[in-house]
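# my questions are about this predicted structure, shown below with the sequence.
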Amino acid sequence: MELNAFIIFIAAIFTSNILLTNFLGMCSFLSVSREVESSLGLGLAVFFVLTFTTAINYLVYHFILIPLNIIFLQYIIFIIIIAAFVQLTEMVIERFSPVLYYTLGIFLPLITVNCAILGVSLFMVIRQYDFLQSVLFGAGSGIGWLLAILALAGIRQRVRYNFVPIGLQRAGLSLIITGLMALGFIGFSGIVVIQ
Amino acid sequence: MLISIVYTILIFSAISGILAFLLVIADLLFANYGECTININNKKELKVKGGSSLLDLLNENKIYLASACGGRGSCGFCKCNVISGGGPLLPTEKPFLNPEETKENMRLACQIKVKEDIKIKIPEDIFNVKKYKAEVKEIVDLTYDIKELTLKLIEPDSIDFKAGQYVQFVAPPYEKSKQAVSRAYSISSSPDNNDHIQLIIRLVPDGICTTYVFEYLKVGDKVDFTGPFGDFFIRDTKADMLFVAGGSGKAPIKSMVEYLFKRNSNRRMVYMFGARVRKDLYYVDYFKEFEKKLPDFTFVPVLSQPTEECEWKGKCGYIPPFFPEYIKDPSKTEAYLCGSPGMIAAVVKGLKENGVPEDKIYYDSFA
């Protein structure tokens, strides 16, 4: 079924949220969601990196890996491209915008190894998206990830002073909250299916 | 099969190579901050290549801020006052700075990247700090767990320091430690001998540097150290002096007493040395001699746990209860302390209770 790129974009945000339906990118999701402010910085960094690396990886896949017949190298090539891109972006931001560097730049090294980033590039290949679909899928997934971490940070701030049994504090409670959020997002899932 | 393996490796290397090349270019274009100047105390200007940490750039120019971790932001020794050009305070520095220091713009030199002209203020003494190469001349066992090292200076061949100051001794990488570490030790020899220094080092169980000294270092080995550091030195007044030391803390006091002896000082001096048992004592006769050689010097060893069989005839217990006996006029007494943090805290408390003003109690805060 040929899907409209815009539908993929919306679906990536809500119905197939990369974090809440695929549970990708959990480590930074759990560790940097203590405060809304820092999770906003991290979320924006993920959005930015996802959009661009998906585009670059699309081009690399279709114009280098397929013609040269080395598709089996896609995992490792995608990873080094993501790493190089993040490194490059960090240098540029540090040079030209100190303000942006202190709000967003310091999170960049954290997401080099974020599985959501690699996951989106791999889904793009598996689902055979074209270029526009891929970019919008990347951007949508980024926004979806941002939305999810903001929601979790908001909830965690809200329940910070509530009584929580010792065994469930911190990660335990966060995972339960994430599970409930994922249940909530399942409510959207009948609307559009992209996988 | 073989061809496709070679082919794959070639393509993979080409892609990695191109990316690495891009990063190198970007590093030159974006991480190159051109020439910056470091203005120190409004006295000295250094022209440096921007992009590295302030600590590294100062080191390259032979200005050695104290640093025990080698710039990884874990010891907090390399504090300096940044007047302008250091950028905002980083999250990595916050744990090492108290609110007062934050207000005064104290920063960790190892965390600041020099990207523009920067103006800093450091203690004048640090200009005097150099990196020394020395040869181990002698290793003497003072007790079962304390050794005295004699280091003959090679390059530079003389050192200028104040009695009581310390150096950072570098233990090179060895079996138990993959990287070089440096630790602070007070100089125990007198500043009048400027071609060698002595250090008194007590074995710390599993300590990286002390294990190196105790198990690996041999006479004839070459070692490195930087120094001198610290503002623990004799105040030039006429006040009475009370020295209190424990463990390997005899080192700076020995240097001070030898220095005062050479100048035939007639200040009233009392030296109280605390140890646990008799086998922890060393240099006892050496200091007893000074009671004859100096006009007014008393040496008081105190054992906290004298064992019955050794029939200790000296003082027993902890040091502070003996203060009233030895302090004549607390307001005219300067106290010089050296020992473990726990001992220092107890002694400072005892001195204050006996009326010694806090600003006349001197000690190094390392150890």
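Everything's here; your move. Residues are numbered from 1 along each chain as shown, chains lettered A, B, ... in the order given.
# how long is stretch B:83-103 from one end to the other?
This stretch, stretch B:83-103, spans 11 Å end to end (C-alpha to C-alpha, to the nearest Å).
# in chain B, which spans are helices?
B:2-30, B:54-60, B:99-103, B:208-211, B:250-262, B:284-293, B:323-326, B:341-353 (DSSP state H).
# for residue B:226, find the nearest of the ones you listed.
helix B:54-60 (9.3 Å; C-beta to C-beta). (C-beta placed from N, C-alpha, C; glycine too.)
# just checking: what are the partner strands of the lowest-mean-pLDDT helix or strand in chain B?
The helix or strand of chain B with the lowest confidence, counting by mean pLDDT, DSSP states H and E, is strand B:315-316 at a mean of 81. If you go by DSSP bridges, strand B:315-316 pairs up with strand B:297-303 (parallel).
# tell me how far the least confident helix or strand of chain B lies from the chain's centre.
31 Å (C-alpha atoms, centre = their mean, to the nearest Å).
# contacts made by it with the rest, please.
Under the contact criterion C-beta atoms under 8 Å, 6 or more residues apart in numbering or on different chains, strand B:315-316 has outside partners B:300-304, B:306, B:322.
# could I get those residues as a markdown table with neighbour count?
Shown next, in a markdown table, are those (neighbours: other C-beta atoms under 10 Å in any protein chain shown):
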| residue | neighbour count |
| --- | --- |
| B:300 | 18 |
| B:301 | 20 |
| B:302 | 20 |
| B:303 | 20 |
| B:304 | 15 |
| B:306 | 19 |
| B:322 | 17 |
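# domains in chain B, by residue range?
The domain map for chain B lists B:35-124, B:129-229, B:240-363, with the assignment taken from automatic domain parsing.
# and those domains as TSV, adding distance to residue A:73?
Output for the domains of chain B, formatted as TSV (distance: least, C-beta to C-beta, whole Å):
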stretch	distance to residue A:73
domain B:35-124	34
domain B:129-229	34
domain B:240-363	57
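# check what pLDDT the closest residue to residue B:293 other than its chain neighbours gets.
Using C-beta to C-beta, 6 or more residues apart in numbering or on different chains and skipping residues adjacent in sequence, the residue nearest residue B:293 is residue B:261, 6.1 Å away. At residue B:261, the model reports a pLDDT of 88.
# doesn't residue B:294 make contact with residue B:261?
Yes: contact criterion C-beta atoms under 8 Å: residue B:261 and residue B:294 qualify, at 5.8 Å.
# what sits against the residue nearest to residue B:293?
Applying C-beta under 8 Å, 6+ apart, the residues contacting residue B:261 are B:290, B:293-294.
# quick one: it from residue B:195, how far?
19 Å (C-beta to C-beta, to the nearest Å).
# next one: residue B:83
Distance from residue B:83 to residue B:195, by C-beta to C-beta: 38 Å.
# what's the answer for residue A:119, then?
66 Å.
# please enumerate the strands of the stretch 151-300 of chain B.
Assigned by DSSP state E, counting those that start in this stretch, the strands in the stretch 151-300 of chain B fall at B:166-171, B:181-186, B:196-202, B:222-229, B:240-246, B:269-275, B:297-303.
# single out the most deeply packed of those strands.
strand B:240-246 (a mean of 25; mean count of other C-beta atoms under 10 Å in any protein chain shown).
# any stretches of the stretch 1-150 of chain B with poor pLDDT?
B:70, B:91 (pLDDT under 70).
# interface residues of it facing chain A?
B:8, B:11-12, B:15-16, B:19-20, B:22-23, B:26-27, B:30-31, B:87-88, B:91 (C-beta under 8 Å from any C-beta of the partner chain).
# surely residue A:182 and residue A:20 touch.
Yes: applying C-beta under 8 Å, one finds residue A:182 in contact with residue A:20, separated by 4.3 Å.
# once you drop chain neighbours, what's closest to residue 135?
Defaulting to chain A. Residue A:135's closest residue in space is residue A:55 (C-beta to C-beta, 6+ apart), at 5.0 Å.
# could you do chain B instead?
residue B:152 (5.0 Å).
# which ones are touching that neighbour?
So residue B:152 contacts B:134-137, B:195-196 (C-beta under 8 Å, 6+ apart).
# can you add distance to residue B:55 and mean pLDDT and give the strands of the stretch 151-300 of chain B back as JSON lines?
Formatted as JSON lines, the strands of the stretch 151-300 of chain B follow (distance: least, C-beta to C-beta, whole Å; pLDDT from 0 to 100):
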{"stretch": "strand B:166-171", "distance to residue B:55": "13", "mean pLDDT": "88"}
{"stretch": "strand B:181-186", "distance to residue B:55": "13", "mean pLDDT": "85"}
{"stretch": "strand B:196-202", "distance to residue B:55": "24", "mean pLDDT": "90"}
{"stretch": "strand B:222-229", "distance to residue B:55": "13", "mean pLDDT": "88"}
{"stretch": "strand B:240-246", "distance to residue B:55": "32", "mean pLDDT": "89"}
{"stretch": "strand B:269-275", "distance to residue B:55": "37", "mean pLDDT": "89"}
{"stretch": "strand B:297-303", "distance to residue B:55": "41", "mean pLDDT": "87"}
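# between those strands, which one is closest to residue A:133.
strand B:181-186 (54.9 Å).
# what's opposite residue B:119 in the beta bridge?
If you apply DSSP bridges, the partners that residue B:119 bridges to are residue B:39, residue B:84.
# after the helix ranked longest in chain A comes which helix or strand?
As assigned by DSSP H, the longest helix anywhere in chain A is helix A:131-158. The helix or strand immediately downstream of helix A:131-158 is helix A:171-186, counting by DSSP states H and E.
# list the buried ones in the lowest-mean-pLDDT helix or strand in chain A?
Between all helices and strands in chain A, the lowest mean by mean pLDDT, DSSP H and E belongs to helix A:98-103, at a mean of 73. For helix A:98-103, burial by neighbour count (16 or more other C-beta atoms under 10 Å in any protein chain shown) applies to A:101-103.
# hmm, the very next helix or strand once past it touching chain B?
Counting by DSSP H and E, the next helix or strand C-terminal to helix A:98-103 is helix A:108-111. No: residues of helix A:108-111 are not located near chain B by C-beta under 8 Å from any C-beta, the shortest gap being 12.8 Å.
# so which bits of chain A are right by chain B?
Counting by C-beta under 8 Å from any C-beta, the residues of chain A near chain B are A:64, A:68, A:70, A:73, A:76-77, A:80-81, A:84, A:87-88, A:91-92, A:94-95, A:98, A:102, A:106.
# distance check, residue B:350 against chain A.
43 Å (C-beta to the nearest C-beta, to the nearest Å).
# my guess is that residue meets residue B:323, correct?
Yes: using C-beta under 8 Å, residue B:350 makes contact with residue B:323 at a distance of 5.7 Å.
# more neighbours: which of the two?
residue B:323 (22 against 19; other C-beta atoms under 10 Å in any protein chain shown).
# what about residue B:134, neighbour count?
Other residues close to residue B:134 by other C-beta under 10 Å number 24.
# report the contact partners of it.
Here residue B:134 is in contact with B:151-154, B:196-197, B:222-225 (C-beta under 8 Å, 6+ apart).
# check contacts around the residue nearest to residue B:274 when sequence neighbours are not counted.
Spatial nearest neighbour of residue B:274, excluding adjacent residues (C-beta to C-beta, 6+ apart): residue B:246 at 4.2 Å. Residue B:246 is in contact with B:273-275, B:338-340, B:343, counting by C-beta under 8 Å, 6+ apart.
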